[in-house]
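> with the sequence up front, the predicted model follows.
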Amino acid sequence: MILFLAARPVTAPPVRPAPRRARLRARLRFRPLAPYRRIFTVPGTRAFTAANLLARLPMGMLSGSAVLMITGSRGSYALAGAVTASGLAATAVAGPWTARLVDRHGQARIAVPATALAVLGSLALLLCVHYGAPDWTLFACYAATATTPNTGGLSRARWAHLFRDDPAARHTANSFEQAADELCFLLGPVLATLLCTTLAPEAGTAVAAALLLTGVLLFAAQRRTEPPVAPAPGTGRTRSLLRLPGLPPLLATFLATGAVFGSLEVVTIAFADGHGLRSAAGGLLALQAAGSCAAGLLHGLRRQPGQAPRRFPASTAAMAALMLLPLLAATAGGPATLAAALLLAGMATAPTMVTGMGLVQSLTPPGRLNEGMTLAVTALLGGIAAGSAGGGWAADHLGGAAGAAYGVPAAAAVLAAAVALLTARKRLRPRRPGTAGPGPHMG
């Protein structure tokens, strides 16, 4: 009987075609950009991403366009700087409130009227500058642009909702969003300068306002990927997100990171100007942004073992170490050496921002993601303002051409790393049962 069974031919079971999802997974497995292809296979993601990129590009245009427009008409950099600084302060106040309304009533219902008000403020500023209105009107008009919604946060909230049960996909999406931020802030100033210098001083503001309104309208029209609104709060007061354990130290790290960005820009302009290469300052800053953009995309391709709270201190420490390179290059070398150092230094900022934004998402209740991420952006803006002031003071008193002023962004990066390292233990503590949010494992 055994011999009979052994002699029988063994027939393999019929091969069934692999399910569509399995075949897609097999095709993507061996491609280097597989993680990005994977997230964009979800229906609707390409449409809202394209619209959001169109709406996000003006974020890198509005401030520079306003400066060029005001200085071209009034001939005062002090006035232009004061107007843009007042708008930044107004954004720090209005931004979280706008984000809270978005969480409570939905992206489309709030983002569109908020954008319309901001666009009206930009156009009013254009008209006041063009027709020589009093200086105080410029402050009032630019303050109205503070209602501009955090377009990057809106997009990240959609990714977080679509991949709420997939930490790897959220990590890839956050990396893509950070690279998109860097790309917009790389191309935005270039486009603004081109429009204001070749067409008219008002052209940059007009085009930025049109792009912002068009992009937000197209983005809001993508309703199937929009996150659901948060349930209405009870009779008690809504708890402030600033009271969430772990979030205030994280925002302090974002504040210091913003100081890195703000001081690096001012110091680089002063260094280039001191060497008679003021026109090359934009190119030097573009190298830093390009390095960050490339690092962000590469960061999204990596698998992220371990917890995000453990990776964040390591990312900030790497940023602190690489920010020493511009200081060494500027003091011991020249513009060419500095260009290479800025490219390398930029590669540490994107991983820090990606991991930090992932932590913000993990600490924030799902129904208040826009508010949480807007608080992070507000901290960054505050740091940028402080860093710009500190970098300007250092450039004036330490000598911009000497390169010693690069100690300011280096010190800010060390401060960010110190805060992240000192507060790492608190973020590693397990979340208490019943608290909102997906926990500290989020990448």
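Noted; the coordinates are in hand.
> mind giving me the packing neighbours of the longest helix anywhere in the chain?
Of all segments of type helix in the chain, defined using DSSP state H, the longest is helix 167-198. When contacts are defined as 3 or more Cβ pairs under 8 Å, 6 or more residues apart in numbering; DSSP states H and E, helix 167-198 packs onto helix 34-39, helix 45-56, helix 62-74, helix 151-162, helix 203-220, helix 281-301, helix 349-363. Placement of C-beta: from N, CA and C, glycine included.
> least reliable of those going by mean pLDDT?
Confidence, taken as mean pLDDT, is least for helix 281-301 of the helices and strands packed on helix 167-198 (a mean of 72).
> can you name the next helix or strand after that helix?
Counting by DSSP states H and E, the next helix or strand C-terminal to helix 281-301 is helix 308-322.
> angle of the following helix or strand past that following helix against helix 281-301?
Later in the chain than helix 308-322, the nearest helix or strand by DSSP H and E is helix 324-332. Relative orientation of helix 324-332 versus helix 281-301 (axes from the mean of the first three to the mean of the last three Cα atoms, to 10 degrees): 150 degrees.
> show me what counts as buried in helix 324-332.
When burial is assessed from 16 or more other Cβ atoms under 10 Å, helix 324-332 yields the following buried residues: Leu324, Leu325, Pro326, Leu327, Ala329, Ala330.
> check stretch 63-76 too.
For stretch 63-76, a neighbour-count test (16+ other Cβ under 10 Å) marks Ser63, Gly64, Ser65, Ala66, Val67, Leu68, Met69, Ile70, Thr71, Ser73, Arg74 as buried.
> any low-confidence regions in the protein?
Within the chain, the ranges that satisfy pLDDT under 70 run 1-33, 77, 230-239, 278-282, 296, 299-309, 366, 399-402, 424-443.
> now with 50?
Per-residue confidence for the chain (pLDDT under 50) gives these ranges: 1-15, 17-18, 28, 30, 235-236, 305, 428-443.
> about what we covered before: of the buried residues of helix 324-332, closest to Ala50?
Pro326 (34.5 Å; Cβ to Cβ).
> report the contact partners of the closest one.
Contact analysis of Pro326 by Cβ atoms under 8 Å, 6 or more residues apart in numbering lists Leu264, Leu338, Ala341, Leu342, Ala345, Gly403, Tyr406, Pro409, Ala410.
> surely Thr331 and Ala410 touch.
No: if you go by Cβ atoms under 8 Å, Thr331 and Ala410 don't touch, sitting 11.1 Å apart.
> mutual contacts of the two, please.
Common neighbours of Thr331 and Ala410, counting by Cβ under 8 Å, 6+ apart, are absent.
> count the residues that sit near Asp166.
14 (other Cβ atoms under 10 Å).
> and it, how far from Val42?
10 Å (Cβ to Cβ, to the nearest Å).
> next one: Arg311
The gap separating Arg311 from Val42 is 25 Å, by Cβ to Cβ.
> do the same with Ala82
To Val42, Ala82 is 45 Å away according to Cβ to Cβ.
> got it, and Arg310?
Arg310 is 29 Å from Val42, where distance means Cβ to Cβ.
> swap in Pro227?
Taking Cβ to Cβ, one finds Pro227 at 14 Å from Val42.
> neighbour count winner among the two?
The neighbour comparison of Pro227 against Val42 (other Cβ under 10 Å) goes to Pro227, with 21 against 14.
> what sits closest to Leu369 if chain neighbours are left out?
Ala157 (4.5 Å; Cβ to Cβ, 6 or more residues apart in numbering).
> whoops, Leu327 was the one
Tyr406 (4.1 Å).
> which residues touch that neighbour?
Leu264, Val267, Phe271, Pro326, Leu327, Ala330, Thr331.
> can you redo those residues as a markdown table with distance to Ser362?
Below are those laid out as a markdown table (distance: Cβ to Cβ, whole Å):
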| residue | distance to Ser362 |
| --- | --- |
| Leu264 | 28 |
| Val267 | 34 |
| Phe271 | 38 |
| Pro326 | 32 |
| Leu327 | 33 |
| Ala330 | 37 |
| Thr331 | 40 |
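> what's the farthest-apart pair in those residues?
Leu264 and Thr331 (15.2 Å).
> what are the contacting residues of stretch 37-48?
Counting by Cβ under 8 Å, 6+ apart, residues outside stretch 37-48 touching it are 24, 28, 31, 49, 155, 158-159, 162-163, 169, 172-173, 176, 219, 222, 224-225.
> would you mind checking those residues for buried ones?
Taking 16+ other Cβ under 10 Å as the criterion, what is buried in these is 49, 155, 158-159, 162-163, 169, 172-173, 176, 219, 222, 225.
> just give me the closest of those residues to Thr148.
After measuring the buried ones among the contacts of stretch 37-48 against Thr148 - Cβ to Cβ - the closest member comes out as Phe219, at 13.1 Å.
> wait, the closest one sits on Ala55?
Yes: counting by Cβ under 8 Å, Ala55 is a contact partner of Phe219 at 5.7 Å.
> which neighbours do these two share?
Thr151.
> from what I see, Gly87 and Ala140 are in contact.
No: contact criterion Cβ under 8 Å: Gly87 and Ala140 do not qualify, at 10.5 Å.
> these two - which one has more neighbours?
Higher neighbour count among Gly87 and Ala140: Gly87, with 24 against 16, using other Cβ under 10 Å.
> tell me the angle of the one helix or strand the more buried one maps to relative to helix 151-162?
Counting by DSSP H and E, the element that carries Gly87 is helix 77-105. On the basis of the same axes, to 10 degrees, helix 77-105 is oriented at 20 degrees to helix 151-162.
> just list what helix 77-105 packs against, helices and strands only.
helix 62-74, helix 107-130, helix 135-144, helix 369-398.
> how does it look with 10 Å?
helix 62-74, helix 107-130, helix 135-144, helix 151-162, helix 369-398 (3 or more Cβ pairs under 10 Å, 6 or more residues apart in numbering; DSSP states H and E).
> distance to Gly258 added to these, as TSV?
Shown next, in TSV, are the helices and strands packed on helix 77-105 (distance: least, Cβ to Cβ, whole Å):
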stretch	distance to Gly258
helix 62-74	14
helix 107-130	21
helix 135-144	20
helix 151-162	14
helix 369-398	2
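> most neighbours per residue, which of those helices?
Ranked by mean neighbour count, the helices and strands packed on helix 77-105 are led by helix 151-162 with a mean of 24 (mean count of other Cβ atoms under 10 Å).
> fine by me, thanks again.
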